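**Student:** I'd like to go over a predicted model; first the sequence, then the structure.
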Amino acid sequence: MFLLATGALVGILLISVFFLVKGKVLGDLDELLKYEALKHTAELKVDDGTIMFANKAEMLEREHREADANPVFVQLVDIHGKTVDKSPNLKEAILTFDPAHKGNIQGQYTLNNRRIRQTQVVVTLEGKSYGYIVTAVSSENAEQLIASLRNHFFWSFPIILLILFLVTRFLADRSIQPIKQIIST
């Protein structure tokens, strides 16, 4: 009974740690996306009712030019869902825009067959909505970390149970040793 209770506690602990780490890793990505969206929202201007980047030089920074150095992808979408501008690292690709969600959303998507995490935020200037800013980052490293942790916990749990069984068996055998001596005497 002790072994079952301890095994259940270890299982609950491993599952709790896994979901805590997963939430923290994905939460950090979401915070980065929100920061990027807010930063770029402050750098927008409206020209003839269309939103655009006020400072195109910002889009030429390394994080927006290259697609392999922890890239941050940024895309502007007008109120009708049409892409009006995007960071150079997107090249011909376009981030997924979900017109069904009029508010802020985030989630897992793919870009050029690679996993990304993205958010879309409504762009409101002077009380009027002009469109959306969609930001994305690669989520492959985070997903690899989460999968590695899951696999590690999956394989370590049976080993921990085996060690628990052997230790409790040894301790139980040792604790009844005096009784065995009385019986044999």
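**Tutor:** In hand now; what should we look at?

**Student:** from here on, contacts and neighbour counts on C-alpha atoms
**Tutor:** Noted.

**Student:** check which helix or strand covers the closest residue in space to residue 149 that isn't next to it in sequence.
**Tutor:** Nearest non-adjacent residue to residue 149, counting by C-alpha to C-alpha, 6 or more residues apart in numbering: residue 18, 7.0 Å away. Element membership for residue 18 (DSSP states H and E) is helix 2-41.

**Student:** Let me know the next secondary structure element after the lowest-mean-pLDDT helix or strand in the chain.
**Tutor:** Lowest on mean pLDDT, DSSP states H and E among the helices and strands of the chain sits helix 62-65, with a mean of 54. Per DSSP H and E, the first helix or strand lying C-terminal to helix 62-65 is strand 72-78.

**Student:** Could you give me the buried positions within the helix or strand following that following strand?
**Tutor:** Remark: after strand 72-78, the chain's next helix or strand is strand 83-86, criterion DSSP H and E. Judged by neighbour count (16 or more other C-alpha atoms under 10 Å), strand 83-86 contains these buried residues: 83, 86.

**Student:** ditto for stretch 74-83
**Tutor:** So, applying 16+ other C-alpha under 10 Å, buried residues of stretch 74-83: 74-79, 83.

**Student:** biggest separation within the residues you listed, which pair?
**Tutor:** Farthest pair in the buried residues of stretch 74-83 (C-alpha to C-alpha) is 74 and 79. Separation: 16.2 Å.

**Student:** Can you list the low-confidence ranges for this structure?
**Tutor:** Regions of the chain meeting the criterion pLDDT under 70 cover residues 56-70, 102-105.

**Student:** Okay, buried residues for the host helix or strand of residue 117 please.
**Tutor:** Taking DSSP H and E as the definition, residue 117 sits inside strand 114-125. For strand 114-125, the neighbour count (16+ other C-alpha under 10 Å) marks 115-123 as buried.
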